[in-house]
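let me see the structure of the following:
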Amino acid sequence: MVELLVVIAVIAVLVGMLLVAINPQRVITDTRDARSRTEMNQIKTALQLYFNDNNAYPGSLGAMVPTYAKALPGVTTESSFNYVTYAGNSDYDAGVQLNNSAGDDASTVAKCDGDGTSSATGNYMICPD
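So this is what the prediction gives:
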């Protein structure tokens, strides 16, 4: 009986060390951030298609469905996403708040809001090139 308890204790310690090494919460948030970046780039592509046809960006992203995007990606339903048009719909900025941003994410913010005029927020942003 004592040997069985010792084996169970050793297995519990090994599982605990494995969970600390893997950090599943970090993996989950990194996966969500990657999905948000991908969805923002899909939105950017749809916005460019819309602009090519209409010579202006839409006032809201819903105007792109279903012609330019089959459906809006899930990131648009989260409160951390925002989209802003300005200058007579000839320019836009969109941003999303990521859980674990990287150095490349900071460069997107600097590029899109370099002059401080955008009212879009987030630590990952898209804007016309």
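
which stretches of this protein form helices?
For the chain, the helices defined by DSSP state H cover 2-22, 24-54, 103-112.

can you tell me the closest non-neighbouring residue to Thr108?
What sits nearest to Thr108 in space, not counting adjacent residues and going by CB to CB, 6 or more residues apart in numbering, is Met125, at 4.9 Å. Backbone N, C-alpha and C define where each C-beta goes, glycine included.

go on, Ala106?
The nearest residue in space to Ala106 (CB to CB, 6+ apart) is Asn123, at 7.2 Å.

cool, Asn41 as well?
Nearest to Asn41 is Ile126, by CB to CB, 6+ apart, at 6.9 Å.

touching, that neighbour and Lys44? I think so.
Yes - counting by CB atoms under 8 Å, Lys44 is a contact partner of Ile126 at 4.4 Å.

so between these two, which is more surrounded?
Ile126 (24 against 16; other CB atoms under 10 Å).

coming back round to it: for the residue nearest to Asn41, give me the pLDDT.
Model confidence at Ile126, given as pLDDT, is 85.

cool, Thr76 as well?
Confidence at Thr76, expressed as pLDDT, is 54.

quick one: least confident helix or strand in this structure?
Lowest mean confidence among the helices and strands of the chain (mean pLDDT, DSSP states H and E): helix 103-112, at a mean of 80.

burial of Thr117, as a residue count?
10.

specify the beta-bridge partners of the closest residue to it other than its chain neighbours.
Among residues not flanking Thr117 along the chain, Tyr86 sits closest, at 7.6 Å (CB to CB, 6+ apart). Beta-bridge pairing for Tyr86 (DSSP bridges): Asp91.
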